[in-house]
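Visitor: Predicted model follows, preceded by the sequence.
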Amino acid sequence: QVQLVESGGGLVQAGGSLRLSCATSGRTFVAYTMGWFRQAPGKGREFVAAISTSGGTIRYEDSVKDRFTISRDNAKGTVYLQMNSLKPEDSAVYYCAARAPGTWSSWLAASGYDYWGQGTQVTVSS
């Protein structure tokens, strides 16, 4: 079992930056692919970014490429999402997720993740 706790959300003006953190419990963090998803009111959960166990493979949703950066610190058991040049359409609840080894579903979809945090609200004002 993995417990995930997000932090770093808040209210920011368009063009500003936020850094989300996701701290995990347990000593198996290095075995999990990690992802960030977001969900705006009335919409489904949307893939934002994912990072492989070693950090060597990273994927982004097209609308956040060149603005968001995902990273992980395996020694600290933490994954980060640096968000720059924020836009009002980035407003959503952001969720951290962990994908267990051997999961077959796509790592670019919510169904490919086994553990979820409680979410942190990001609001970008225009």
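Guide: Yes, it's here.
Visitor: And the residue most central in space within the chain, how close does it get to Ser85?
Guide: Residue closest to the mean C-alpha point of the chain, counted by C-alpha atoms, centre = their mean, is Trp36 at 1.9 Å. Distance of Trp36 to Ser85, given as C-beta to C-beta, to the nearest Å: 16 Å. (C-beta placed from N, C-alpha, C; glycine too.)
Visitor: What residue, apart from its backbone neighbours, is nearest the residue nearest to the centre of the chain spatially?
Guide: Val48 (4.3 Å; C-beta to C-beta, 6 or more residues apart in numbering).
Visitor: Is the one you found in a helix, a strand, or coil?
Guide: strand (DSSP: H, G, I helix; E, B strand; the rest coil).
Visitor: do Arg59 as well
Guide: Arg59 is classified as strand under three-state DSSP.
Visitor: Give me the number of neighbouring residues for it.
Guide: Counted with other C-beta atoms under 10 Å, residues neighbouring Arg59 total 15.
Visitor: show me the contacts for it.
Guide: Ala49, Ala50, Trp107, Leu108 (C-beta atoms under 8 Å, 6 or more residues apart in numbering).
Visitor: Tell me the buried residues within these.
Guide: Among the contacts of Arg59, the ones that count as buried by 16 or more other C-beta atoms under 10 Å are Ala49, Ala50, Trp107.
Visitor: what separates the last one from Cys22, distance-wise?
Guide: Using C-beta to C-beta, we find Trp107 at a distance of 16 Å from Cys22.
Visitor: can you check Phe37 too?
Guide: 11 Å.
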